[in-house]
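A.B. asks: quick one, structure for this:
(2 chains)
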Amino acid sequence: MNPFDLQRDAFGLWVLVLADGTRHSPVTAVRAYPVSAPDQGAALMDADGHELQWVPDLLALAPDLQATLREALEEREFLPEILRLDTVSSLLTPSTWTVQTDRGTTQFMLKGEEDIRRLTGTVLLINDANGVQYMIRDLAAMDKHSRKLLDRFL
Amino acid sequence: MPDEWQAEVQARLQHNENATAWVLVDLNAALKFHKIALILTDRRILTASLSEKNWQSWSLAQGQRLRLTDHAGVGQLELSDAQGRLAVWRFTLGLQDAVFRWVAQFEAQQSHRAQSPDSVPADPQGRPLQAAHVFVCPVCQASLSEDDDECPVCSREDLNPPSTWTLLKLWRFAQPYKRSLLIGFLLTLASTAATLVPPYLTMPLMDEVLIPYQNGADIDPGLVSLYLLGLFASGLLAWGLGWAKTYILALVSERIGSDLRTTTYEHLLKLSLEYFGGRRTGDLIARIGSETDRINVFLSLHLLDFATDVLMILMTAVILFYINPTLALVTLLPLPFIGWLIHVVREKLRTGFEKIDRVWAEVTNVLTDTIPGIRVVKAFAQEDRESQRFKDANAHNLQVNDRINRVWSLFSPTVTLMTEIGLLVVWGFGIWLVSDDQITVGVLTAFLAYIGRFYSRLDAMSRIVSNTQKAAAGAKRIFDILDHVSSVPEPLNPVALPPHVQGHIRLRDAGFRYGNRAVICQLNLDIQPGQMIGLVGHSGSGKSTLVNLICRFYDLSEGAIELDGTDIRQLKVADYRRQIGLVLQEPFLFFGTIADNIAYGKPEATREEIVAAARAAHAHEFILRMPQGYDSLVGERGQGLSGGERQRISIARALLINPRILILDEATSAVDTETEKEIQKALDNLVRGRTTIAIAHRLSTLRKADRLVVMDKGVVVEEGTHDVLMEAQGAYWRLYEAQQRQAEAVAVLGGSDEDKKVSA
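C.D. replies: This next block holds a predicted model:
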């Protein structure tokens, strides 16, 4: 028995039906630790941002529901992980980077070195000029070319 | 539209169908980077992925709506009709403007359709749609006004890395000193020439004095003293000229730097609040302070030295070729190569040094984190962890330094080696030429003397690259400020305000957007002279934005704000602001005496006026209790004064300029109820007879207002007096009830309900 049910309606909005039978729409799904623990701690919130349902562990859900929840989560999440730096337009900022991410190849502009921030551990967060965030999970695990380029900005 | 798409799209269009707008969104449904074209025609919406060409289309119909939302850097555009959602497109926020215009075009067409439902498509004459006439930047699709040559969005700062050409912009500041610069240049020429005389004199000294002496001839004291005198004279001349040139050019560059600083600061002060909102204070301070200084040093030191060196090398080359072309060629040939080698090593070092700078910033960051937060650190007993953090940063610093030192320690021996090798070549070839009787020993000595000089300068010259880049980056950052046009422009033909302003404010269909987010929409408000208006609403409802608009810290996107029937955009900014007294939640006191702070808006105020204003603001007594009275110094943020005291000083400041319009932005919310009572009394004096707009969190403080305006999400939802609104049992009533309950709860818990008595 699932603790709740999640569906999408005709308008593409998510509808949550709680165990006690109450329906909520629209709801949004968010992760509590999108970077450090994506599979743990997710919440379903109503339109005003109040928590309706807390999911402590995604993996503990039934496969169907888990898949739906992941779909709802991924719809709102956007943190491309940079896998490789192809080129940078200039070693001085502002500089346009061409990168390969887990979501495909893209370009973005880095305004200044201070927009690259070290998160806990090895994770780097990069804010581009438009406020879109990119992540580098482990600098040391990248290929030599990327590390060499990145090194000039760190 | 990109060319390769033109044909593709044309083929899909039906007869007589015209594409009116297009945009390329960059994410697909799974949020992967993927270009998807979105084309709006006069009857359909077409879409396809750039690579797969999977065309889809929807015929436009009434009831279709587009909704734009964004979250975490991703924008989402939804097309839906009454039955449900038809399609979703997603894009990164950089495309927001372009998508927004696409949506605007869609909406224009939809409203056109709603007005004339029969004439689909468009009307028979094929009149182009209004919005299709807007000039659009080919790069970013921002709309351009007709007299814009370049796109203001694309040419906005930050899009290009700093280029050395930016330095040429400095010419604007150098122009007033043209004459001094010319004199400086001539002096540089002369002094460089003077320094080149001594090596030349070694030639006759060698050939006419020393060599003949070794061959048995006597030394002619007259000739020797003549040459020595020549050496001394040229040295003296070089000294004098060098001094004059350095002095004059340093004077000029210092003046250029100072002009640059003043101009930048003056310009900065005139920019709108919008500009300051988006920037960090430290960054702006650095730009005006250290960047101008860096440019200054570059001009007076690096550039001057470089120019001198280049002149010297050119002149030396001419002299060498004049003495002996063959030897000159051999001497000068390795020069570019050695120069290049030095440059390569320098570049390596430079990136290393930049790295050290950044690591150093990391170390400082730990300090700036910890020291202000020392209470928290100690309270949680985390000293060890913080010291570990510092140790780590320091270790990183050490590591980077070690790495760079390896190259660095190699550098000067390498330069010396290069110089030696260069000299070796000259020696070798020179001896061969001497043995061949092509040149004299004197010529060889002269060559060696010349060449030794400029090898030593090669190192210094190689630094010009990095210095120029640094200065160019600095210049760019400064010109970013200077080239920024204020978004609150001064009118070209300002309307003069009448001597006596009534203070009648009217907002007509006011609208304001941050990006594409509408903060205020379709707001109408009429405030009679002398009326007091209370603005009420949740935080984020647009109250503060409205106040900022009335102060003209920003300009409206739509509609108009009028003062006594004149659009405030037609008034001089300073003239208009002089009519406004502003009391903020966090009063800001400048460093200076209390009297200076009260008289900030009216520096010519007499002492009596200041006292009268302070008295009316209920500040007089506590000021007199201070040891130096009105001459007491107050610190940066008014240290040593309580919140209520600071607030009353700022009320006195507003009273002194005797404004027609008064704006109270949460003036009493930062203090306790007891202090609020004091401030309220002061405010009552201030409000009397002025058009007042007050924002307050505690609704009880607004009881005196003639009218309350309840705002929610940028629109006025209710308007009326307290009693009327209470009767209506609407939004205001709900807010009020919630606060009452809270106040009662506090009262039960032992708080006082005095504030109710005061405001009643």
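A.B. asks: so where is chain B shaky, pLDDT-wise?
C.D. replies: Scanning chain B for pLDDT under 70 picks out B:1-4, B:116-163, B:278-280, B:282, B:514-517, B:635-639, B:669-671, B:747, B:749-760.
A.B. asks: could you chop it up by domain?
C.D. replies: B:3-144, B:162-324+B:467-486, B:328-438, B:503-579+B:663-670+B:693-760, B:581-658 (automatic domain parsing).
A.B. asks: can you lay out these as JSON lines showing mean neighbour count and distance to residue B:496?
C.D. replies: C-betas here are computed from N, CA, C, even on glycine. Converted to JSON lines, the domains of chain B look like this (neighbours: other Cβ atoms under 10 Å in any protein chain shown; distance: least, Cβ to Cβ, whole Å):
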{"stretch": "domain B:3-144", "mean neighbour count": "16", "distance to residue B:496": "33"}
{"stretch": "domain B:162-324+B:467-486", "mean neighbour count": "16", "distance to residue B:496": "20"}
{"stretch": "domain B:328-438", "mean neighbour count": "14", "distance to residue B:496": "49"}
{"stretch": "domain B:503-579+B:663-670+B:693-760", "mean neighbour count": "17", "distance to residue B:496": "8"}
{"stretch": "domain B:581-658", "mean neighbour count": "18", "distance to residue B:496": "19"}
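A.B. asks: and those domains: which comes nearest chain A?
C.D. replies: Proximity to chain A (Cβ to the nearest Cβ) singles out domain B:3-144 among the domains of chain B, at 2.9 Å.
A.B. asks: make a markdown table out of the domains of chain B and add distance to chain A.
C.D. replies: Listed next are the domains of chain B as a markdown table, based on distance: least, Cβ to the nearest Cβ, whole Å:
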| stretch | distance to chain A |
| --- | --- |
| domain B:3-144 | 3 |
| domain B:162-324+B:467-486 | 6 |
| domain B:328-438 | 6 |
| domain B:503-579+B:663-670+B:693-760 | 10 |
| domain B:581-658 | 25 |
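A.B. asks: tell me how far the residue in chain A that chain B sits nearest to lies from residue A:138.
C.D. replies: Scanning chain A for the residue nearest chain B gives residue A:10, at 2.9 Å (criterion: Cβ to the nearest Cβ). Going from residue A:10 to residue A:138 by Cβ to Cβ, to the nearest Å gives 43 Å.
A.B. asks: would you map the strands across chain A?
C.D. replies: Assigned by DSSP state E, chain A shows strands spanning A:4-8, A:14-18, A:23-31, A:40-45, A:51-57, A:82-88, A:95-101, A:104-110, A:116-118, A:124-127, A:133-136.
A.B. asks: for the stretch 401-550 of chain B, same thing?
C.D. replies: B:505-514, B:517-527, B:532-536 (DSSP state E, counting those that start in this stretch).
A.B. asks: residue furthest from the geometric center of chain B?
C.D. replies: residue B:216 (76.1 Å; Cα atoms, centre = their mean).
A.B. asks: before we move on, what SS does that residue have?
C.D. replies: Recorded secondary structure, residue B:216: coil (DSSP: H, G, I helix; E, B strand; the rest coil).
A.B. asks: how close does it get to residue B:454?
C.D. replies: From residue B:216 to residue B:454 the distance is 36 Å (Cβ to Cβ).
A.B. asks: contacting residues around the residue of chain A closest to chain B?
C.D. replies: Shown in contact with residue A:10 (Cβ atoms under 8 Å, 6 or more residues apart in numbering or on different chains): B:83, B:84, B:85.
A.B. asks: no further queries at this time; thank you.
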